[in-house]
Each structure stands twice: as structure tokens, then as C-alpha cells.
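A.B. asks: Structure for the following, please:
(one chain, ligands or ions: 1)
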Amino acid sequence: PLLERTRAAAHAGDSEVADFYAEVIAGLTMPVKTLPCKYFYDERGSQLFDEICELDEYYPTRTEAAIMERCAAEMAALLGPDCRLVEYGSGSSTKTRILLDSAPHLAAYVPVDISRVHLQKTAEGLRRRYPRLEILPVCADYTASFTLPEPSGPVSRTVAYFPGSTIGNFHPRQAQFFLTQIAQLCGEGGGLLIGVDLKKDPAVLHAAYNDAKGVTAAFNLNVLDRINQELRGAFVLDDFAHHAFYNEELGRIEMHLVSQKDQTVAICESAVTFAAGETIHTECSYKYSREEFAELARSAGFEIQNFWTDPNELFSVQYLTV
Ligand code: AVJ
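C.D. replies: Predicted coordinates for the structure are as follows:
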């Protein structure tokens, strides 16, 4: 049975399945059922996310890339020579390349990612494209503390890069804590270049998370399929529906999976009961006004140095210093 396998895996030092199982059961036995959004990103989920990024309705990816294209030289100048650039979650190497193309004098580029496979691929691709750049990958959960590798040459400052508005997945308290950790890692004279999605017309937000082709729905439902595959779950995907809406009071998009009937679903040796209409909360995506994010940054020990946005003020890239 799975539990024996997971125990064996945990014993072998690979506790991934055991952690997944523990978090799924913990989340689904809470009064308001939840699942951590990090589990969206298995191979299929990552593929679906890439598809989301291409959708007409999903403005963040292309808007952020356009800001990077337009302002990369200015950003690179702020990093300055001999900067150690640390990317949190090295998934989106497209935006990184825009930055690296403009920043030829880095001390090193340090991609940090929890997925060893992802990390190796990113590092290989970048080594081919930037043969003179020192690339020092770190396999770690970037929300925990990790040790920064030392480049072979001098380091003037350490700057973190956190694109994609992934900060929006954190509750404000967690975001504050996480930014504080980044400030500590970078230290005095260090900085953070971060992509932050902005508050806007709720209709635009609604469309971005309820696309006409149903890709976001498939992305949301995929987490149940992943539980079926990896944890011997028995979810029937047709018995759950994608539901995403903008919670104006809390300033966040919420994604849920709504049970379409009363049902009990087995997951390995556990069973979870759902009432018709009951939801699993699968993701929060917080949106910030310029002022709100400045306040959050200040509370974490940062000061806003630069704020770049697009003509419609949909998205922002911001440079914060310690
Ligand atoms: C990767 C967290 C920025 O919140 O917009 C896209 C994930 N969820 N569509 C976001 C996501 C649904 C995305 N982030």
C-alpha cells in the first residue's frame, strides 16, 4: 500500500510523496477544505500553466515581459557590476533572459528551485546561452532558509529576482515574513526586483481566471488528477467544477473546486466527505495597489527605489533596497 511506499520513500530520504499525502489530508480535513497551490505544478500542471500564459485573457505574463523588455537596461544598471543575482523559483527563464541580456557583468546568477530536474534544465540552457556567466544553481525550497553559494570573483551586492507575481500566492502576513527573509539574505546594500500584479477592474481579473477555453479550469482540476495518480485518490473530475472569483474585500482572486454532489472520496487509506456545493480552496492570488505594496515592503525592511508599469497599469515590476 501507499503508506508503506511512502514510509519506505521517507526512509530512503525521499519524503516528497509522504509530504504531499500529509498536506493533502491536513488540508482536506480542515473546516474550510484547502489544498496548497504549489501542488498545481506537476508536469501536466506546468504545461497547463504555460498555456494559461499564452491566453488572450491572461494579461500578467505578457505585460510583465513587455515591462522587462522596455526597462531591462535601467534595471541592469541598478544591479551594477559584480552583482550576485538570486532568482527565486527559476521556472520562468524567459523573463530572466531579458534581464541577463542587459546585465553582462554579473558576479553570478543563482537560480533557486525545489525541482532538481527544472533547475538542471534551466542551468544547462543558460550555460549554453551565457558561456561567460557563472551559474550556481541551488536546489532548495526558497521559502525556507538556504545557503548562498560564493562566486569565484568579487561580489558588490546581492539582488533577489522574484518575477511572475508569485508573491500574490502568499497571504499578506506570509508575504511580509517572506520578504523579511529576502531582506536578511541580501543584507545591507542588497535589493529585490519583484513582479507584482496590480489592483484593477474586477471584470479584467475575472476574465483572466475564467478563460473561454477552460484552460484555467483544467489547471485547477489537474490537482485532483495528481492526487489520483500519486496518492491513489479516487476523485471523479466531472464531479467537481472550477470556480474563480475576485474577493474585493480581501483584494484577491480565489480559486475553488466545487463538489457537484454529496460524495465521499477515498485517498489511499483515508476518506473525505463533501456536501454538494462544498468547495476546496485551491489558490489565492492577491492583487496590490502601488501604495499597499509599498507599505508591505516597508514593513519587511525594504524601501521602494523604482516602480515600472505598463500603459494600462495592469502589472508592475519594482526594485526594493534593504
Ligand atoms: C503563477 C501565481 C502568478 O496567480 O496568476 C494562473 C497562477 N492561477 N491562473 C496567478 C495562476 C490561475 C498565477 N501565479
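A.B. asks: Touching stretch 65-80 from outside, list them.
C.D. replies: 85, 94-95, 98-99, 101-103, 105-106, 156-157, 159, 163, 191, 193, 305-306, 308-310, 315-317, 319 (CB atoms under 8 Å, 6 or more residues apart in numbering). (Glycine included, C-beta is placed from N, CA and C.)
A.B. asks: same thing but 10 Å
C.D. replies: 53, 83, 85, 92, 94-106, 156-157, 159, 161, 163, 191, 193, 195, 305-306, 308-311, 314-317, 319, 321 (CB atoms under 10 Å, 6 or more residues apart in numbering).
A.B. asks: got the residues of the stretch 101-250 of the chain near the ligand?
C.D. replies: Residues of the stretch 101-250 of the chain lying near the ligand by CB under 6 Å from any ligand atom: 164-166, 168-169, 209, 216.
A.B. asks: Buried only: go through those for me.
C.D. replies: Using 16 or more other CB atoms under 10 Å as the burial test, these include 164-166, 168-169, 209, 216 as buried.
A.B. asks: what about residue 138, distance to residue 189?
C.D. replies: Residue 138 sits at a distance of 21 Å from residue 189 (criterion: CB to CB, to the nearest Å).
A.B. asks: neighbour-wise, which of these two wins?
C.D. replies: residue 138 (17 against 11; other CB atoms under 10 Å).
A.B. asks: quick revisit: and the contacts of stretch 65-80, which of them are buried?
C.D. replies: 53, 83, 85, 92, 95-100, 102-103, 106, 157, 159, 161, 163, 191, 193, 195, 306, 308-310, 314-317, 319, 321.
A.B. asks: Please narrow those residues to those residing in strands.
C.D. replies: 83, 85, 157, 159, 161, 191, 193, 195, 306, 308-309, 315-317, 319, 321 (DSSP state E).
A.B. asks: what's the most distant pair in those residues?
C.D. replies: 157 and 315 (25.7 Å; CB to CB).
A.B. asks: which residues touch the helix or strand where residue 126 lies?
C.D. replies: Using DSSP states H and E, residue 126 maps to helix 116-129. Helix 116-129 has contacts (CB under 10 Å, 6+ apart) with 41, 43, 46, 87, 89-93, 96-97, 100-101, 109, 111-113, 115, 133-140.
A.B. asks: If we go by neighbour counts, what in that helix is buried?
C.D. replies: Buried-residue list, helix 116-129, by 16+ other CB under 10 Å: 118-119, 122-123, 126.
A.B. asks: Helices of the stretch 201-322 of the chain, start to end?
C.D. replies: 202-208, 215-231, 290-299 (DSSP state H, counting those that start in this stretch).
A.B. asks: residue ranges of the helices in the stretch 51-200 of the chain, please?
C.D. replies: Using DSSP H, counting those that start in this stretch, the helices found in the stretch 51-200 of the chain span residues 60-79, 93-102, 116-129, 172-186.
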